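Chemist: Please find the sequence and the predicted model below.
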Amino acid sequence: MTNNPMSRRNFMGLAAGAAGAAALAACGSDGPSDTTGGGTSNGGGSGGGASYWSLSGPPGEPVRKAAIKRFNDANPDAKITETYFQNDAYKQKIKTSLGANQGPTMIWGWGGGGLKEYVNSNLVEDLTDWFGQNAAVKDKILPSSFGAATVNGKIYAMPIETVQPIVLFYNKKVFDKVGVQPPKSWGEIMALVPKFNDQKIAPFSLAGQSRWTNMMWLEFLLDRTAGSEVFDRVFAGEKDAWSDPAVLDMLTKIQDLVKANGFQKGFSSTTADSNADQALLYTGKAAMMLHGSWSYGIQTANGGNFVKDGGLGWMNFPPVEGGKGDPSNTVGNPGQYLSISSKATDAAKETAKKFFSTTLVDDQEKEGWVKSGGVPVLKNSESLFTGGDAQFLKDMAGIANGAKVFAQSWDQALSPTAAETLLDNIAKLFQLQVSPQQWVDSMNGVIGK
Amino acid sequence: MTTIAPPVVRTKEPTRSSGGRSGSVVWMALPAFLWFIAFGIVPLLGVLWLSFTTWNGIGEIVPSGLDSWKATLQDPKLPHAIWVTFVIMALSWAVQTPMSILIGVFIAARKRYREFLAVLFFIPLLLSSAAIAITYKSLLDPSFGLGSGLGIEALNQDWLGNSTLAMATLIFIVSWQFIPFHSLIYQGAVRQIPTSMYEAAQIDGAGRWKQFWSITLPQLKYTIITSSTLMVVGSLTFFDLIYVLTAGGPGDATRALALLMYQQGFQANLMGPASAIAVILVLVGLGLSLLLRRLGGRSDDSQLEGA
């Protein structure tokens, strides 16, 4: 038995594997090959067909599909092809595909830091003039949604879909069973934790493996203790902006909550994409959950009669005792955003613009998002708030419009490089692998990057 | 990728005279060689070049000298990832090797029920790593997993959320997945040991245990080296399993080099440092492969001395 040729072959295999993993993946050859329209791969043959990528799953996907169908039915000559991805998978896929010029005509996103990076690489169309010429379209959209679509004073994306503040959801049935009231302050939250744990119910459900879910806790706690100014300084790239005593205080509070078993057992291996965190809440295994308002749609779709029977409660994040932040403030997504690829053919760009100015601002679009349990970015939707979801929609619109500051989620506001370090450190913080001081030190290192 | 396989001169039976024919079969390696250049060497050079640039994955690629290397080597995440990679490598080797040898020896015997069992052992090998990871992740979920389903509290550990347990769980799943493969290699090797050796040993009065230690194990020496090389080098490329199972978490407890490379490149948009890590990964693999080859000693020595 000779083993030498074998081991050399292994090495070659490894060399090819490791190098291939980095280089081939960077080629973006794994993009969906069935997108016929849009991008540069299109060649402009099919009469101006455009492509559209977005997120899969309820509550958004059915509304998105309906919009594309309306447009395609009305425009048989210039159809839009659609592809849907899971949230976390999409974030990677879109970057790789754009880098390889295999991206779609219409780029769905969250605005902010991610959009800024596209702009810096000249990947998206400047829509400022277009909105100038189509003032009627712009007038239909809530002005506050344009902030995260604007880079250096120019608009690079159209705000679409819904305004999504993050709220504290709770299971009313569980609260009744344990005989406690929803918390009105941070102190009451900490007091509730042992009461639920005694009943073998997790106080909070958290999809810790997804990391951005943990981040929502930091966003609210920092805002409630110190106001929105601290993060504004980080966003502006000010040196050592994290070294605010309020940050240390906030981080300590979070670790106190983790140490008190505030989250379900195994929270750091739970993922949001599988909606396991939602399931914990509507099955009554957890009492509360801090999540985006889109969670309402997921729980309606997956939770059986839970929402219909009035099992779900919600509120804005409660104030922290002695905190300086305005308790009306909220965090979340001021909208979703659709940009047009600068690499698309002129015909595809025209199709996309037609989609923007017709289907995306029509009444069915507004109604579709309201029915999915969301507050549309389109104006004058309040009259549509009827039926079982009316109260939730009114409350969400109230939180979004009544907020003194509606901050964009940190990971969307920052550049991807800084966001990755942020999420990495947040995961370690919840795992008690770093102390608050270590967290501040490593985050100061990536300010402005 | 079985690529530039040197001419297969000595295959099943170790023959002492093998020279003479290798010259005429070199051209047969040509297709594989070209394939390897296109998909092995060229990307490797590309990564090497990228490691001296700054690139966010979507914009311009800007040459930046040693910046990426400096950033990578100064990053405290690198030594941690190397440590995690080493722990996975060492533990999965230590668990898999004895188990594989024992199972291999067991299923090597030509008995009907053992051959039936061998087919069952083989099943994990048919599943993809991603499927295995998704399945285990669901089974091990403390809220909705096997433990709550069966009502067995002892199974309700925080398998993937506790740093130490997550590593142990990972090693278990890796072993579960790959032991069948290595058992198969050992099965083949054990069957090639001449029965005359065992007969001779029996005449000398050696028992089963003694035969295992004095004949089977020494005869498996080169198989052990082959199998270990596969395990050690293979463990460097564990990505899919870990990514789906824990995504490198909890925190950074299972973030091996391949995961760090992915996170730097595709999540943080730092393609330069990610390429530097890829180069380090290749160098580590090369070093380990050469080391294991050296341990094997000269393969010209006969294993059948005295047989």
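Modeler: Cool, the structure landed.
Chemist: Any chance of the backbone angles for A:K79?
Modeler: With angles defined as degrees, to the nearest 10, A:K79 sits at phi -90, psi 160.
Chemist: cool, A:S341 as well?
Modeler: Residue torsions, per degrees, to the nearest 10, at A:S341 are phi -70, psi 130.
Chemist: Burial check on it, number of neighbours?
Modeler: Around A:S341 there are 25 other residues, counting by other Cβ atoms under 10 Å in any protein chain shown. (C-beta placed from N, C-alpha, C; glycine too.)
Chemist: my guess is it contacts A:W108, does it?
Modeler: No: with contact taken as Cβ atoms under 8 Å, A:S341 and A:W108 are classed as non-touching, separated by 11.3 Å.
Chemist: Domain map for chain A?
Modeler: Chain A breaks down by automatic domain parsing into domains covering A:44-161+A:335-380, A:164-332+A:409-444.
Chemist: Could you dump those into CSV and include distance to chain B and mean pLDDT?
Modeler: Conversion of these to CSV gives the following (distance: least, Cβ to the nearest Cβ, whole Å; pLDDT from 0 to 100):
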stretch, distance to chain B, mean pLDDT
domain A:44-161+A:335-380, 3, 88
domain A:164-332+A:409-444, 4, 92
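Chemist: Please name whichever of these is nearest to B:A168.
Modeler: Nearest to B:A168 among those is domain A:164-332+A:409-444; the distance by Cβ to Cβ comes to 13.6 Å.
Chemist: ok, A:D77 to B:K210 distance?
Modeler: From A:D77 across to B:K210, the span is 84 Å (Cβ to Cβ, to the nearest Å).
Chemist: And those two? Which one has more around it.
Modeler: Neighbour comparison, A:D77 and B:K210: the larger count goes to B:K210, with 12 against 9 (by other Cβ under 10 Å).
Chemist: Look up the closest residue to the more buried one, ignoring the ones flanking it.
Modeler: B:A201 (7.3 Å; Cβ to Cβ, 6 or more residues apart in numbering or on different chains).
Chemist: Residues of the stretch 51-200 of chain B that sit close to chain A?
Modeler: Contacts of the stretch 51-200 of chain B with chain A, taken as Cβ under 8 Å from any Cβ of the partner chain, map to B:56-60, B:137, B:140-144, B:156, B:158-161, B:163, B:166, B:189, B:192.
Chemist: Selecting buried members of those residues in PyMOL, what would you type?
Modeler: Buried members of these, identified by 16 or more other Cβ atoms under 10 Å in any protein chain shown, are gathered into one PyMOL selection as follows:
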select buried, chain B and resi 56+57+58+59+137+140+141+142+143+144+156+158+159+160+161+163+166+189
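Chemist: Sitting in helices, which of the residues of the stretch 51-200 of chain B next to chain A do you find?
Modeler: Judged by DSSP state H, the subset of those located in helices is B:K137, B:L140, B:S163, B:A166, B:A189.
Chemist: What ranges in the stretch 1-150 of chain B fall below the confidence cut-off?
Modeler: Along the stretch 1-150 of chain B, the parts satisfying pLDDT under 70 run over B:1-24.
Chemist: Output the longest helix belonging to chain B.
Modeler: Counting residues, the longest helix found in chain B (DSSP H) is helix B:77-108.
Chemist: Who are the packing partners of it?
Modeler: Identification of packing neighbours for helix B:77-108 by 3 or more Cβ pairs under 8 Å, 6 or more residues apart in numbering or on different chains; DSSP states H and E yields helix B:112-121, helix B:163-191, helix B:221-236, helix B:257-262, helix B:271-295.
Chemist: Tell me which of those helices sits nearest to A:T271.
Modeler: helix B:163-191 (14.3 Å).
Chemist: Verify the stated contact: B:A189 with B:K221.
Modeler: No: B:A189 lies out of contact with B:K221 (Cβ under 8 Å); the separation is 9.7 Å.
Chemist: who's in contact with B:W55?
Modeler: If you count contacts by Cβ atoms under 8 Å, 6 or more residues apart in numbering or on different chains, B:W55 has them with B:I61, B:V62, B:M271, B:G272.
Chemist: From the residues you listed, pick the one nearest A:T96.
Modeler: B:M271 (10.6 Å).
Chemist: Pull the distance from the longest helix of chain B to the chain's centre.
Modeler: On the basis of Cα atoms, centre = their mean, to the nearest Å, helix B:77-108 is displaced by 8 Å from the centre of the chain it belongs to.
Chemist: Reformat the domains of chain A as a markdown table; add distance to B:F181.
Modeler: Supplementary listing: the domains of chain A in a markdown table, determined by distance: least, Cβ to Cβ, whole Å:
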| stretch | distance to B:F181 |
| --- | --- |
| domain A:44-161+A:335-380 | 29 |
| domain A:164-332+A:409-444 | 27 |
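Chemist: same question for the host helix or strand of A:N401, mean pLDDT?
Modeler: Under the assignment given by DSSP states H and E, the secondary-structure element containing A:N401 is helix A:390-402. Throughout helix A:390-402, pLDDT has a mean value of 88.
Chemist: quick revisit: which members of the ones in helices among the residues of the stretch 51-200 of chain B next to chain A define the maximum pairwise distance?
Modeler: B:S163 and B:A189 (37.4 Å).
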